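Engineer: Give the three-dimensional model of this entry:
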Amino acid sequence: MAKRIPQSDIDEVLSRVSIVDVISDYVALKSSGNGEFKGLCPFHSEKSPSFGVSATKNLWHCFGCGEGGNLFQFLNKIDSLNFVEAVEKLAARVGYTLNYEEGGSTNVDGQIRSRVLAANAAAAEFFSQAIDSAEAEPGRAFLQSRGFDKEASRRFSVGWAPKGWSSLTEHLHNLGFKDEELLSAALVSKKDGSSNVYDRFRGRLIWPIRDTTNAVIGFGARKIFDDDQGPKYLNTSETPVYHKSQVLYGLDLAKRDISKQQQAVVVEGYTDVMACHLAGITTAIATCGTAFGDDHIRVLNRLLVGDKEKPAEVIFNFDPDEAGQKAAMRAFASAQKFNALSFIAVGPEGLDPCDLRNTRGNSAIVEMIGARRPLIEFAIERSIKSFDLQTREGQVAALRATAPIVAEIQDVVLRASYEKLLSEITLVDRNDVNQVVTTLVRGAKREAVSRQTKDSPQSIPETAQLQLPPFDIKDPVTRKERFLLELVAQHRELFDLKTIQRVFRVFFAHPRHAAISKAVLLEWNSQDFIAEVEQRLPEQLRGNWREVLLSKLPIADVAQLNEYAAGVLAGALTSTIEFEKRFLIQALGQAQAASRTAEIEQISQKLIDLDRELMLQRAKR
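Structural biologist: The predicted structure is shown next:
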């Protein structure tokens, strides 16, 4: 039977963790007041923050793509964790020991993932202890030759894989791990047709690779011995927890400073990351055996928010050789996908950060990063250098080769500045440069619109299942309804249930709001009000419910809240009373036509009472 965690343990874990702290491991959040935070959504591309997190309501929601939910749902979506795995991850974070009960459904993938992480953690500890062994002396000597002492090695948890074929395997067997689990973790290998496994990493320096939550997800191994026939660097292959196109070495160490400084420095290797961090460039990271790609950009964009006054920066460090220049051009091709400006920093005499620190000290790395230059300038210079600018033909050809680069710049003022640079470099008239670039910009926009129209799925939206009309928050009536719903949902302690029942019965015209209001009334006294209302709502409306809960109210303190609540309620009551009056006037006409005297008197008295109440409410507004 699969393990099940008691609800009491789940509640205890949730009481000890902060949803803001956990999500901050993945997304750069900025406080917007009253326990509310905003950042860029990690689940879709955006330039302006629409991703909200509420510390008081323990909810997150993206007002852009509509995704949202509780902390468990966040971990499920971002790390593909099932419920039990998410609880275990949070429990480990706060050092809480979980109890388990028998029952529940079996989740094979989740169990494999959990065992892979456990095996990785055990392997990292094994490698860390082995670095002090006599056999590891060549590895320690290598680190020393690169300028890394024992303290530096321990800071980055550098370890050693013994040369034996089964040193790690036997150690992990003794800890209860099976061959299938070790194969899933890519810690061991097996020859075709053989039933025996052997250590994947042997006689190498080992760098553990961690995710943003500090869990070991894989390893990078550097060749030390000349008789080692393998590649210079051997990395973990694809596993249930390690996907090289998404992994950035050092992100666990750099994430907070990347978020704080709004800067990321991308270098090429493990020792380069170490050198940068030791020199004070604590935003350095590196890919793990693969080119920098779109998945890496998405990971960094969660942390890079920036603003107009101080844009975020991504600084690439590449070797000045041909391979490095090609890598820089590949990086430039994706630069527009960043929520940041992109730069390139090249060490003097082509030295990488590790060699630069080793030969010239920490300050040389700081100076190299400080001397960064826009990546677009590098791209332009590389594209132009093959043309003969002494001829008219060469000048025009150079312009045609570089104009597409400038046309990709979204900022109109910055694009004009680079048009001026192109004119100066190619000696082509500024107006001609502008005409060529503008034509390319317009053509790109037309192509994008055409592609969007062609590729847009002609599917029926989920809300059509409930036959819900379009939702326009700019509509005055809809907006008034939303204001009231936000207030009641977020601060129902300010309202009398009887009054709210009266208003909710007739106030909401939009079906979305009407459905949510009914669920609110049904769960008014529920202990877990937010979750119970969500459970009552169909899937199509749960995003709207989270929006209602996380929308920022136009108030700064408690006094303003009370004043705002009184005003909104007075307006809603006014509308409710006017509706009740119209209904009674119709009933009065019917009673008069039928000469029902007693009913006429009763309705007339109610109308008088409503007029008095209406005057009072209008006086409050």
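Engineer: Assign a three-state SS to Val265, would you?
Structural biologist: strand (DSSP: H, G, I helix; E, B strand; the rest coil).
Engineer: Go ahead and confirm it touches Ala284.
Structural biologist: Yes. Contact criterion Cβ atoms under 8 Å: Val265 and Ala284 qualify, at 4.4 Å. Where you see a C-beta, it was placed from the backbone N, CA and C, and this is true even at glycine.
Engineer: list residues touching both of these two?
Structural biologist: The contact sets of Val265 and Ala284 overlap at Cys276 (Cβ atoms under 8 Å, 6 or more residues apart in numbering).
Engineer: tell me the helices in the stretch 451-600 of the chain, going along the chain?
Structural biologist: Here the stretch 451-600 of the chain has its helices, by DSSP state H, counting those that start in this stretch, at 476-490, 497-507, 511-522, 529-536, 539-550, 558-593, 597-620.
Engineer: Quick one: mean pLDDT over the fifth one.
Structural biologist: In this case it means helix 539-550. Taken as a whole, helix 539-550 carries a mean pLDDT of 88.
Engineer: by contact count, what packs against it?
Structural biologist: Applying 3 or more Cβ pairs under 8 Å, 6 or more residues apart in numbering; DSSP states H and E, one finds that helix 539-550 contacts strand 51-54, strand 59-62, strand 68-69, helix 476-490, helix 511-522, helix 529-536.
Engineer: As CSV, those with distance to Ala130, mean neighbour count and mean pLDDT would be great.
Structural biologist: Below are the helices and strands packed on helix 539-550 laid out as CSV (distance: least, Cβ to Cβ, whole Å; neighbours: other Cβ atoms under 10 Å; pLDDT from 0 to 100):
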stretch, distance to Ala130, mean neighbour count, mean pLDDT
strand 51-54, 41, 25, 92
strand 59-62, 41, 25, 91
strand 68-69, 43, 22, 88
helix 476-490, 55, 19, 87
helix 511-522, 58, 19, 89
helix 529-536, 48, 18, 88
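Engineer: Quick one: closest of those to Gly324.
Structural biologist: When the helices and strands packed on helix 539-550 are compared by Cβ to Cβ, strand 51-54 sits nearest Gly324, at 35.4 Å.
Engineer: Break the chain down into its domains, please.
Structural biologist: With automatic domain parsing as the criterion, the domains of the chain are listed as 3-102, 108-235, 248-380, 387-451, 476-620.
Engineer: one step back: okay, the helices of the stretch 451-600 of the chain, which one's buried deepest?
Structural biologist: Among the helices of the stretch 451-600 of the chain, the stretch with the highest mean neighbour count (mean count of other Cβ atoms under 10 Å) is helix 539-550, at a mean of 21.
Engineer: what comes into contact with it?
Structural biologist: Helix 539-550 has contacts (Cβ under 8 Å, 6+ apart) with 36, 52-54, 57, 59-61, 63, 66-69, 462-463, 465-466, 468, 471, 482, 485-486, 489-490, 512, 515-516, 519, 530, 533-534, 537.
Engineer: likewise stretch 607-621?
Structural biologist: With Cβ under 8 Å, 6+ apart as the test, stretch 607-621 has contacts from 566-567, 570-571, 573-574, 577-578, 580-581, 584-585, 588.
Engineer: Glu135: what's its closest spatial neighbour, skipping adjacent residues?
Structural biologist: Pro162 (5.9 Å; Cβ to Cβ, 6 or more residues apart in numbering).
Engineer: quick one: that neighbour and Val412, what's the gap?
Structural biologist: Separation of Pro162 from Val412 (Cβ to Cβ, to the nearest Å) stands at 60 Å.
Engineer: More neighbours: which of the two?
Structural biologist: Neighbours per residue, other Cβ atoms under 10 Å: of Pro162 and Val412, the larger number sits with Pro162, 20 against 9.
Engineer: ok, back up a step: would you reformat the contacts of stretch 607-621 as TSV and include pLDDT and distance to Leu29?
Structural biologist: As requested, the contacts of stretch 607-621 are arranged in TSV below (pLDDT from 0 to 100; distance: Cβ to Cβ, whole Å):
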residue	pLDDT	distance to Leu29
Ala566	87	32
Gly567	87	31
Ala570	86	35
Gly571	86	33
Leu573	88	37
Thr574	87	39
Ile577	87	43
Glu578	86	43
Glu580	85	45
Lys581	85	48
Leu584	86	51
Ile585	88	53
Leu588	85	57
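Engineer: which one of these is nearest Lys606?
Structural biologist: When the contacts of stretch 607-621 are compared for distance to Lys606 (Cβ to Cβ), Leu584 wins out at 5.8 Å.
Engineer: shaky segments in the stretch 251-400 of the chain?
Structural biologist: By pLDDT under 70, the low-scoring segments of the stretch 251-400 of the chain are 306-309.
Engineer: so the residue nearest to Glu135 touches Gln129, yeah?
Structural biologist: No. Here Pro162 does not reach Gln129: they are 10.6 Å apart, not a contact under Cβ under 8 Å.
Engineer: helix, strand or coil for Ser342?
Structural biologist: Assigned by three-state DSSP, the conformation of Ser342 is strand.
Engineer: What residues does it make contact with?
Structural biologist: Ser342 touches Glu313, Val314, Ile315, Phe316, Ala331, Phe332, Ala335, Pro374, Leu375, Ile376, counting by Cβ under 8 Å, 6+ apart.
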